[in-house]
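Peer 1: Sequence and predicted structure, then a few things I'm wondering about:
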Amino acid sequence: MDEEVKVQEARERFAQLLNGTQWQGKHIAITRHGKAAGVLVPPDWYERAVAALSGPGT
């Protein structure tokens, strides 16, 4: 991960974090109580991951 932020901080910086994923290609973990609660990833990375999991011809 390029960055790790707590849920409260993610709420406050959401637009900035999205800009980081969209324009800088960052992967950002959002944590709650020290554990990953979610991950923001660049849209193209997500699309490739979904396509790869779908497999050929699906």
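Peer 2: In hand now; what should we look at? Bear in mind the structure is a predicted one, so any value in this text is a computation, not a measurement.
Peer 1: Please point out which parts of stretch 21-36 sit buried.
Peer 2: Buried residues in stretch 21-36, counted by 16 or more other C-beta atoms under 10 Å: 21, 26, 28-30. To be clear about C-beta, it is placed using only N, CA and C from the backbone, and glycine gets the same treatment.
Peer 1: and the residue nearest the centre of the chain, bridged to which residues?
Peer 2: Central residue of the chain (C-alpha atoms, centre = their mean): Leu40, 1.3 Å from the mean position. With DSSP bridges as the criterion, Leu40 is bridged to Ile28.
Peer 1: can you tell me how far it sits from Thr31?
Peer 2: Distance, Leu40 to Thr31, by C-beta to C-beta, to the nearest Å: 12 Å.
Peer 1: cool, Glu9 as well?
Peer 2: Per C-beta to C-beta, Glu9 is found 9 Å from Thr31.
Peer 1: next one: Ala37
Peer 2: Distance, Ala37 to Thr31, using C-beta to C-beta: 6 Å.
Peer 1: what does Val50 give?
Peer 2: Counting by C-beta to C-beta, the gap from Val50 to Thr31 is 24 Å.
Peer 1: What of Pro43?
Peer 2: 22 Å.
Peer 1: quick one: the strands in this structure?
Peer 2: For the chain, applying DSSP state E gives strands covering 3-6, 28-32, 35-40.
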